[in-house]
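Chemist: Sequence first, predicted coordinates after that:
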Amino acid sequence: MVKVSFPALLDGELYVPGLSAEYVAEHYGVPLGDIAKLASAENPHGASPKAVEAVELGRKRLSIYPDWTARHLRTAIAEKYGFDPDNVVCGSGETEVISMVIRAFAAPGDAVLMHYPCFPLYRIFANCEGRLPVYAPMGTDFEPLLDQYIELLRQAPRIAFLTSPHNPSGRLFEEADIRRVCEAANENTLIVLDEAYIHYSETEGGMELLREYPNLIVLRTYSKAFGLAGLRVGFGISNNPKLIDPLRRIKPTWNMGQMQITGGIAAINDDEHVQRAVKTVVEMRAYVGAQLEKQDGFRMVPGSRSNFFLTEILDPEMDSTFVFNELLKRGVIVKDGSDIEGLGSRYLRVDVNLKKHMDRFLSALAEIRKI
């Protein structure tokens, strides 16, 4: 009988994405236009208009193989941030770059450090590749306990993931914290700074630190602030070509199609669209926090600088799965903390979106509280 390389490929954890609006409309009879989809961290204003227009140009080249390194896209990204195009690698979403990083820089049995909880795909990819996830704890409200993280870092894992803003808490790592990590790391440890949600923090993030730390790589995505989750574009960038060359060799040869390339080139400079999304998220994040303070039974966990936040369920008679299902009946999709290892049954992860969707979420919680 043919055997798989690692047991996790047969019986390991599967990623649990947010439900679709179509699923909720079909199963709960809620009109599609009324559903508040708050579980996938999508852009409240949709796709970058510049990208939508540019994708049409890519459609005209569907019979032609794209450049296998997505050279024009790498150049646009490099010019945006002031780096050499050869120090950029592109992936079909940032998640593909994460999988490439784990395969390239950690051998089977090697340790991969991450927070607990964390973005599940760090753990899932590591397990499926036979690598060993190592977990750094977080505080009562999921604040990063940097001393504990650095203590584990000194054990020289091959890869150390640092997610800023953190998923699922939304907590931001300040520049000084990232510097502490980079300076504490063994020279053989790759520091992976995942900045998928960085635009919503209203900071520049850690891109400039690449010029100082040769064992640092920054990952970003087009799925969030640029609104291109359905196009699948992400990238890794470093100032050290020795970190990028292995990824270019390990990636699928033509992993970026013509529309991904043209859309990504256009979107990277669509600052107006990004700022519109950031403005909405920042305003609505504060609005929902203020409104939840007026409700009994639920609490916004403080500290989010992302386009999602954690809601803690204070009523001991309810758990996250109960509230999750009751929200679905009312046309609100969130993420059940029970589906996120390390989060647990007292929490929901909730996106920040347009006011009408946030009001629907708040109204639904008020109704559930009365059950």
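Modeler: Yep, it's here.

Chemist: who touches Trp51 in this structure?
Modeler: To be clear, residue 51 is Ala; Trp isn't right here. By C-beta atoms under 8 Å, 6 or more residues apart in numbering, the residues touching Ala51 are Tyr222, Phe226, Gly227, Leu228, Leu231, Gly263, Gly264, Ala266, Ala267, Asp270. Glycine gets a C-beta too; all of them are placed from N, C-alpha and C.

Chemist: can you list contacts of stretch 245-252?
Modeler: Residues from elsewhere that reach stretch 245-252, judged by C-beta under 8 Å, 6+ apart: Thr69, Val89, Gly91, Ser92, Glu96, Val97, Met100, Val101, Arg103, Ala104, Phe105, Gly236.

Chemist: Domain parsing of this protein, as residue ranges.
Modeler: Following automatic domain parsing, one gets these domains for the chain: 8-45+272-366, 49-270.

Chemist: Buried deepest among the ones you listed, which one?
Modeler: Mean neighbours per residue, mean count of other C-beta atoms under 10 Å, is largest over the domains of the chain for domain 49-270, with a mean of 20.

Chemist: As TSV, the domains of the chain with mean pLDDT would be great.
Modeler: TSV is the format used below for these (pLDDT from 0 to 100):
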stretch	mean pLDDT
domain 8-45+272-366	97
domain 49-270	97
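
Chemist: Run through the strands of the stretch 1-150 of the chain in chain order.
Modeler: For the stretch 1-150 of the chain, the strands defined by DSSP state E, counting those that start in this stretch cover 36-37, 88-91, 111-115, 132-136.

Chemist: now the ones you listed in JSON lines, with distance to Leu153?
Modeler: Shown next, in JSON lines, are the strands of the stretch 1-150 of the chain (distance: least, C-beta to C-beta, whole Å):
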{"stretch": "strand 36-37", "distance to Leu153": "37"}
{"stretch": "strand 88-91", "distance to Leu153": "24"}
{"stretch": "strand 111-115", "distance to Leu153": "6"}
{"stretch": "strand 132-136", "distance to Leu153": "8"}
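
Chemist: out of the ones you listed, which comes closest to Gly257?
Modeler: strand 88-91 (11.0 Å; C-beta to C-beta).

Chemist: Touching that closest one from outside, list them.
Modeler: 69-70, 73-74, 77-78, 97, 100, 233-237, 244, 247-248, 251, 255-256, 264.

Chemist: I'd like the distance between the residue nearest to Ser363 when sequence neighbours are not counted and Leu9.
Modeler: Distance criterion C-beta to C-beta, 6 or more residues apart in numbering; nearest residue to Ser363, sequence neighbours excluded, is Arg330 at 7.8 Å. In this structure, Arg330 and Leu9 are 38 Å apart, going by C-beta to C-beta, to the nearest Å.

Chemist: ditto for Arg276
Modeler: On the measure of C-beta to C-beta, Arg276 and Leu9 end up 42 Å apart.

Chemist: Out of the strands of the stretch 1-150 of the chain, which gets nearest to Thr189?
Modeler: Closest to Thr189 of the strands of the stretch 1-150 of the chain is strand 111-115 (C-beta to C-beta; 8.1 Å).
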